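A.B. asks: generate coordinates for the sequence data below:
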Amino acid sequence: MAIDSLQETAIVRINRYEKAVHDADLATARRIAEALGVPLAFLYAETDTMAEAILTLGLLSKPEQRKAVADLKARLVQASAGRAGS
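C.D. replies: As a prediction, the model looks like this:
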């Protein structure tokens, strides 16, 4: 099968998932994510902002991911304390 034919087939298949003609099972979604080089959660993000955050975290090392999440949690605690004090 020629490369062009494979690409066309892939485009059609992904389009069917995008238009909800077919549902991708988890194994298929995982293969799509791997092919795109993105974390699996990226495909399931409900907003563009959440997808961007997932993609950004996925680019970090595991220790950097833990630090980024800890920093976000600290910001939430500060924001909550600020609202409670108002």
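
A.B. asks: quick check: next helix or strand after the one helix or strand residue 29 maps to?
C.D. replies: In the assignment (DSSP states H and E), residue 29 maps to helix 26-36. Next helix or strand after helix 26-36 toward the C-terminus (DSSP H and E): helix 40-44.

A.B. asks: measure residue 27 to residue 48 for me?
C.D. replies: Distance, residue 27 to residue 48, using Cβ to Cβ, to the nearest Å: 26 Å. C-beta coordinates here come from the backbone N, C-alpha and C atoms, glycine included.

A.B. asks: now stretch 30-49: buried residues?
C.D. replies: Neighbour-count burial for stretch 30-49 flags 32, 33, 38, 39, 42, 43, 45 (criterion: 16 or more other Cβ atoms under 10 Å).

A.B. asks: give me the mean pLDDT for the host helix or strand of residue 74.
C.D. replies: For residue 74, the host element (DSSP H and E) is helix 62-84. The average of the pLDDT scores along helix 62-84 is 92.

A.B. asks: what does it contact?
C.D. replies: Helix 62-84 has contacts (Cβ atoms under 8 Å, 6 or more residues apart in numbering) with 57, 60.

A.B. asks: need the CA coordinates for it. CSV is fine.
C.D. replies: Coordinates of each C-alpha in helix 62-84 appear next as CSV, following Å, rounded to 0.1, in the frame of the first residue of the first chain:
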residue,chain,number,x,y,z
LYS,A,62,8.3,13.5,36.1
PRO,A,63,9.9,15.6,38.8
GLU,A,64,9.1,18.9,36.9
GLN,A,65,5.5,17.6,36.6
ARG,A,66,5.2,17.1,40.3
LYS,A,67,6.7,20.6,41.0
ALA,A,68,4.3,22.2,38.5
VAL,A,69,1.3,20.5,40.1
ALA,A,70,2.5,21.4,43.6
ASP,A,71,2.9,25.0,42.5
LEU,A,72,-0.7,25.0,41.1
LYS,A,73,-2.1,23.6,44.3
ALA,A,74,-0.3,26.3,46.3
ARG,A,75,-1.8,28.9,44.1
LEU,A,76,-5.2,27.5,44.7
VAL,A,77,-4.7,27.5,48.5
GLN,A,78,-3.6,31.2,48.3
ALA,A,79,-6.5,32.1,46.1
SER,A,80,-8.9,30.4,48.5
ALA,A,81,-7.4,32.1,51.5
GLY,A,82,-7.6,35.5,49.7
ARG,A,83,-11.3,34.9,48.9
ALA,A,84,-12.1,33.8,52.5
